[in-house]
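>>> have a look; sequence and predicted model below, questions after that.
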Amino acid sequence: MWGYCEMNHTCRDVHIFIGGLERGGTQRNCVNIANMLFSNGHSVEITTVRNVDNDGYKDDLCHGVLLRTLNRESTIHSIIPLIKVISKINKDTTILIMNYELLPFIVLVSKCLRKKSRIVVRNMNYISKSMASKNRGIFTIVQKYLMLLTFPLTDVVVHQCNAMKKDFHSYCLFQPKHSTVIKNVVNFPKKNLPATIAQNPYLLLVGRLVEQKNIRLAIDILKALHNKSYELNLIVIGEGDLLSDLQDYADRLGLLQYIKFLGRKNNVNEYYFSAHATILTSNYEGFPNVLIESMSCGTPVVAHNCKSGPEELIVNGENGFLVGFQNILEFVDAIIKIKNIDRSSISSTITAFLPANVYKDYSKIL
């Protein structure tokens, strides 16, 4: 249920702009924020650049949240439709941007049209590492500097954790008018699901099959566990271009029979509930939603101290373990110790992420 807070007396309309609603952390957070705001009395509309198909989060939106798709392949192809959408936004509507590529276009169009709308930007990733990982094409470089130049024209930049805020202020030469930290929203499952996934004990990794997620490290960790005669399986939920490379790597280590790459799944909570632990091996994150989703299901986590988020979330011995960055031996020891954690109290460590608590912070900036 999303009705958890007294209605904000201002109840400004909110228009959210995002690339798409396919399955991913930013997209999940977008839907959670939209539902939270709508259930607290705000009129909410979402505009996406890409087409929204049935495999994404569209069906998770509250009835009453308006969804508009521009059905374009990229941001550059959506400029004219974006102008038309922005021109119809009234001055009492807050614009919430949840896409780096859209940021300069929406801000500059709004200023050219002399819109008085409040502009809020959600910082989606550890910006210094995210920008460094992008290709060096002319369009990307121009887009990067346009983004950096338009931050001062926004009213508020919202960061998902303190480390992201610190990184942002170190990386961006020009600062926004205001910058704050507001936690991601997690909607706790209504009740514990039975352990319906018929598997031997397994570790769970949820994430795209891309370099950032460093899933090879997870395979190395599994190998080290097996070398200690601790034979867990590994289930990986997510899609990406590295699938065949990861399968080949697992095969070379003699682990392919112990690893299942399941692709996209709509019933991820069932896998969280049944897992021995959820692991995070990413080179960097913005804020790892998968950790709070796992904890909300009562399943402990093991993550290394990557930038950013795990350090601010994990309480060692209570909801999981934080280990040294890319330290396989510490990962192995923590995974073995997971059995000592009381799962019945894990969800109580993340109540700050409940919608009622997060909304209090959003109501101050809308």
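Thanks, I have it.
>>> CA only for contacts and neighbour counts going forward, please
OK.
>>> can you pull out the strands in the stretch 201-350 of the chain?
202-206, 233-237, 259-263, 277-280, 301-304, 320-323 (DSSP state E, counting those that start in this stretch).
>>> need the ones you listed in CSV (columns: mean neighbour count).
Output for the strands of the stretch 201-350 of the chain, formatted as CSV (neighbours: other Cα atoms under 10 Å):
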stretch, mean neighbour count
strand 202-206, 24
strand 233-237, 22
strand 259-263, 16
strand 277-280, 26
strand 301-304, 27
strand 320-323, 25
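>>> can you name the residues in contact with stretch 280-291?
For stretch 280-291, the external contacting residues (Cα atoms under 8 Å, 6 or more residues apart in numbering) are 25, 124-127, 129, 160-161, 164, 184, 205-206, 211-215, 217-218, 278, 301-304, 306-310, 326.
>>> same thing but 7 Å
25, 124-126, 160-161, 164, 205-206, 212-215, 217-218, 301-304, 306-309 (Cα atoms under 7 Å, 6 or more residues apart in numbering).
>>> ditto for stretch 251-259
By Cα under 7 Å, 6+ apart, stretch 251-259 touches Asn233, Leu234, Ile235, Gln247, Ala250.
>>> would you turn the strands of the stretch 201-350 of the chain into CSV with distance to Lys91 and mean pLDDT?
Below are the strands of the stretch 201-350 of the chain laid out as CSV (distance: least, Cα to Cα, whole Å; pLDDT from 0 to 100):
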stretch, distance to Lys91, mean pLDDT
strand 202-206, 40, 97
strand 233-237, 42, 97
strand 259-263, 43, 96
strand 277-280, 42, 98
strand 301-304, 44, 98
strand 320-323, 45, 98
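>>> could I get those in a markdown table, plus columns for distance to Asn99?
Below are the strands of the stretch 201-350 of the chain laid out as a markdown table (distance: least, Cα to Cα, whole Å):
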| stretch | distance to Asn99 |
| --- | --- |
| strand 202-206 | 22 |
| strand 233-237 | 24 |
| strand 259-263 | 24 |
| strand 277-280 | 23 |
| strand 301-304 | 26 |
| strand 320-323 | 29 |
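>>> any idea which of those strands gets closest to Phe174?
strand 301-304 (31.5 Å; Cα to Cα).
>>> and the strands of the stretch 201-350 of the chain: which comes nearest Gly56?
Per Cα to Cα, nearest to Gly56 of the strands of the stretch 201-350 of the chain: strand 259-263, 13.3 Å.
>>> pull stretch 61-76 out as PDB, backbone CA atoms only.
The C-alpha atoms that make up stretch 61-76 are tabulated as PDB, following Å, rounded to 0.1, in the frame of the first residue of the first chain:
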ATOM      1  CA  LEU A  61       2.300   2.300 -11.600                       C
ATOM      2  CA  CYS A  62      -0.700   3.400  -9.500                       C
ATOM      3  CA  HIS A  63      -3.900   3.900 -11.400                       C
ATOM      4  CA  GLY A  64      -4.100   7.600 -11.900                       C
ATOM      5  CA  VAL A  65      -0.400   8.300 -12.600                       C
ATOM      6  CA  LEU A  66      -0.400   9.500 -16.200                       C
ATOM      7  CA  LEU A  67       2.100   8.000 -18.600                       C
ATOM      8  CA  ARG A  68       3.200   9.500 -21.800                       C
ATOM      9  CA  THR A  69       5.800   8.000 -24.200                       C
ATOM     10  CA  LEU A  70       7.400   9.900 -27.000                       C
ATOM     11  CA  ASN A  71       8.300   6.600 -28.700                       C
ATOM     12  CA  ARG A  72      11.700   7.800 -29.900                       C
ATOM     13  CA  GLU A  73      15.000   5.900 -30.100                       C
ATOM     14  CA  SER A  74      17.100   8.500 -28.400                       C
ATOM     15  CA  THR A  75      17.100  11.900 -26.700                       C
ATOM     16  CA  ILE A  76      18.300  13.700 -29.800                       C
END
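>>> show me which of the contacts of stretch 251-259 is closest to Lys88.
Comparing these against Lys88 with Cα to Cα places Ile235 closest, at 46.2 Å.
>>> tell me the spacing between the closest one and Ala303.
Look at Ile235 and Ala303: by Cα to Cα, to the nearest Å, they are 16 Å apart.
>>> report the beta-bridge partner residues of Leu203.
Leu234, Ala277 (DSSP bridges).
>>> show me what contacts it?
Leu232, Asn233, Leu234, Ile235, Ala275, His276, Ala277, Thr278, Ile279.
>>> report the separation between the third one and Tyr100.
Same thing as Leu234. 33 Å.
>>> what residues are up against Tyr145?
With Cα under 7 Å, 6+ apart, Tyr145 has no contacts at all.
>>> go with 10 Å
Contact analysis of Tyr145 by Cα atoms under 10 Å, 6 or more residues apart in numbering lists Pro104, Cys172.
>>> pLDDT at it, what is it?
At Tyr145, the model reports a pLDDT of 84.
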